[in-house]
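*Asks:* everything below, folded, please.
(one chain, ligands or ions: 2)
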Amino acid sequence: MSFVEPYMLKNMYEYLKPVEELWQPSDLLPDSSKEDFFEQVRELQGNAGNLSYDLLAVLIGDTITEEALPSYESWLAMVEDTSRNEQGGWLTWLRSWTSEENRHGDALNRYLYLCGRVNMRQMEISTAHLLADGIDVQTGRDPYRNFIYTAFQETATNISHRRVASLAKQSGDTLLSKMCGVIASDEARHAKAYKHFMQKIFEVDPNEAILAFEDMMRKRIVMPAAFLREMGGKIGEGFAHFTESAQRTGVYTATDYIDIFRGLIDEWKIETLSDLKETGEKAKDYILALPDRLTRVAERTKVGTLVHQYSWILA
Ligand SMILES: [Fe+2]
Ligand SMILES: [Fe+2]
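*Replies:* Numbering: from 1, shown residues only. Ligands and ions are numbered 1, 2, ... in the order given. Down below sits the predicted model:
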C-alpha cells in the first residue's frame with residue numbers, strides 16, 4: 001500500500017469527477033416544488049407500469065444492493081495499509097468513491113417510491129436486513145484481494161445497470177433508462193480505477209498478485225447482496241430469487257461472470273506474466289484454464305422458470 005497509495009493519489013482524478021460537476025438524482029427525477037410535479041409523476045407511473053415483473057424485481061434488488069453502501073465503505077476502510085493516513089491515497093479514494101456511489105441508491109429509491117408498484121416498507125425491511133446481516137466477500141483485509149474483488153464487482157454492476165437501462169428503454173421508460181445509463185457509466189469509471197490499481201500491483205509483485213487472483217476465483221466472486229432476504233425469510237433466500245430474475249431477464253447471467261473474468265485476464269495480461277515462482281506458475285495455469293471450465297458448467301445449468309412472488313412488488 002505504501003507503494004500504491006501515492007500512485008492512487010496522483011491518478012485517481014482520472015476516474016473521479018469533480019463533485020459539483022457530477023449528475024445528482026434531482027437532475028433526473030420530478031421536482032416536487034414545481035407545478036407540473038403531479039403530471040410528471042403520473043407520466044413516470046404510466047411508463048413504470050410497462051416494466052416486466054422480473055425486471056422490476058431486479059431493479060429493486062439492484063437498489064437494495066446500492067443502498068447497502070455503508071457496509072461496503074466500512075469493509076473497504078478496513079483494508080490493511082501502512083499509513084492509515086486520512087489524506088493518503090486509499091482513504092481519499094474511498095471517500096470520493098462513496099460520495100459518487102451514494103447517488104445510485106438515492107436515485108433508484110426515489111424512482112421506486114414514485115412508481116407506485118412497490119411495497120416500500122417491504123423493500124426497506126430487506127435493505128435494513130442486508131445492512132444488519134452485512135457482507136462476506138472473502139477478501140479479508142488484504143488489499144490485493146479487495147482490488148481484485150472490486151475490479152470484478154464494479155464491472156458486474158456496470159453490466160447489470162446497462163442492461164436494465166436498455167430493457168427500460170425497450171418498454172418505453174426513458175427516465176429509468178437514462179438513470180440506469182448514468183449509473184452504469186459511474187460503475188465503468190470505478191471499475192477502470194480498481195483494475196488500474198491492481199495493474200500496478202501486478203507490475204511490482206506479480207507472484208503474490210496472481211496467487212490472490214487464483215484464491216479469489218477458487219472461492220468464486222460472491223455478489224455483495226448475497227445475504228439478501230425478504231421479511232420472514234432466511235438469509236440469502238431473497239438473493240437466490242433475485243439471481244433467477246436477473247438470469248431470466250438477461251440482466252446478469254453466468255456468461256457475464258465468465259466474460260468479466262476473461263476481461264480481467266486480458267486486462268492484467270496474465271498470459272504473458274513472467275517472473276513467477278512455481279506457485280505463481282501453477283496459479284496462472286489454473287486461471288487460464290478456468291474460463292472454459294466455467295463455460296461448460298454454465299452450459300449445463302438451467303435457469304428456473306418459476307417466478308417468485310416478491311413481497312416488494314404490489315399485486
Ligand atoms: Fe453503484
Ligand atoms: Fe459501484
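*Asks:* name the helix or strand for the closest residue in space to Y310 that isn't next to it in sequence, please.
*Replies:* Distance criterion Cβ to Cβ, 6 or more residues apart in numbering; nearest residue to Y310, sequence neighbours excluded, is A57 at 5.2 Å. From N, CA and C alone the C-beta is placed, and that goes for glycine too. Using DSSP states H and E, A57 maps to helix 53-67.
*Asks:* is that helix positioned near ligand 2?
*Replies:* No. With Cβ under 5 Å from the ion as the criterion, ligand 2 is not reached by helix 53-67; the gap is at least 7.7 Å.
*Asks:* how much does the next helix or strand after that helix deviate in direction from helix 53-67?
*Replies:* Remark: after helix 53-67, the chain's next helix or strand is helix 69-77, criterion DSSP H and E. On the basis of axes from the mean of the first three to the mean of the last three Cα atoms, to 10 degrees, helix 69-77 is oriented at 50 degrees to helix 53-67.
*Asks:* just to revisit the earlier point, which strands or helices does the helix holding A57 pack on?
*Replies:* helix 89-115, helix 120-133, helix 143-170, helix 237-249 (3 or more Cβ pairs under 8 Å, 6 or more residues apart in numbering; DSSP states H and E).
*Asks:* which one of these lies closest to E214?
*Replies:* For those, the distance to E214 is smallest for helix 143-170, at 9.9 Å, taking Cβ to Cβ.
*Asks:* the helix or strand that comes right after that closest one and ligand 1 in contact?
*Replies:* For helix 143-170, the following helix or strand on the C-terminal side (DSSP H and E) is helix 174-204. No. Helix 174-204 does not reach ligand 1 (Cβ under 5 Å from the ion); its nearest approach is 5.6 Å.
*Asks:* list the buried residues of helix 174-204.
*Replies:* 175-184, 186-198, 200-202 (16 or more other Cβ atoms under 10 Å).
*Asks:* so Q138 makes contact with M217?
*Replies:* No. Assessed by Cβ atoms under 8 Å, Q138 is found out of contact with M217, at 11.2 Å.
*Asks:* out of those two, which sits in the more crowded spot?
*Replies:* Using other Cβ atoms under 10 Å as the criterion, Q138 and M217 rank with M217 on top: 20 against 14.
*Asks:* quick one: residues contacting the more buried one.
*Replies:* 261, 286-287, 290 (Cβ atoms under 8 Å, 6 or more residues apart in numbering).
*Asks:* selection in ChimeraX covering whichever of those are buried, please.
*Replies:* Restricted to buried positions by 16+ other Cβ under 10 Å, the ChimeraX selection for the contacts of M217 reads:
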select :261,287,290
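*Asks:* for ligand 1, which of the helices and strands packed on helix 53-67 is the nearest?
*Replies:* For those, the distance to ligand 1 is smallest for helix 89-115, at 3.8 Å, taking Cβ to the ion.
*Asks:* wait, does the closest one contact ligand 1?
*Replies:* Yes. With Cβ under 5 Å from the ion as the measure, helix 89-115 is seen reaching ligand 1 through 101, 104.
*Asks:* show me what that helix is packed against.
*Replies:* Against helix 89-115 (3+ Cβ pairs under 8 Å, 6+ apart) you get helix 4-11, helix 25-28, helix 37-48, helix 53-67, helix 69-77, helix 120-133, helix 174-204.
*Asks:* what is the burial count for the residue nearest to Y310?
*Replies:* 25.
*Asks:* now do the one 10 residues further on
*Replies:* Close neighbours of E67, defined as other Cβ under 10 Å, add up to 23.
*Asks:* try the one 3 residues further on
*Replies:* Using other Cβ under 10 Å, the number of residues around P70 comes to 11.
*Asks:* how close does it get to ligand 1?
*Replies:* 13 Å (Cβ to the ion, to the nearest Å).
*Asks:* so that residue sits against L131, correct?
*Replies:* Yes. Counting by Cβ under 8 Å, L131 is a contact partner of P70 at 6.3 Å.
*Asks:* from ligand 1, how far off is the residue of the chain most remote from its centre?
*Replies:* Going by Cα atoms, centre = their mean, the residue of the chain most distant from its centre is E35, 36.3 Å out. Per Cβ to the ion, E35 is found 33 Å from ligand 1.
*Asks:* helix/strand/coil for that residue?
*Replies:* Using DSSP: H, G, I helix; E, B strand; the rest coil, the structure places E35 in coil.
*Asks:* same question, H308
*Replies:* Going by three-state DSSP: H308 is coil.
*Asks:* quick one: contacts for the residue lying closest to G250 once chain neighbours are set aside?
*Replies:* Once flanking residues are discounted, G250 sits nearest to R163: 6.5 Å by Cβ to Cβ, 6+ apart. The contact partners of R163, by Cβ under 8 Å, 6+ apart, come to 249-252.
*Asks:* could you flag which of these are buried?
*Replies:* 249-252.
*Asks:* any chance of those residues in CSV with distance to E39 and pLDDT as columns?
*Replies:* Formatted as CSV, the buried ones among the contacts of R163 follow (distance: Cβ to Cβ, whole Å; pLDDT from 0 to 100):
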residue, distance to E39, pLDDT
T249, 30, 97
G250, 33, 97
V251, 30, 98
Y252, 35, 97
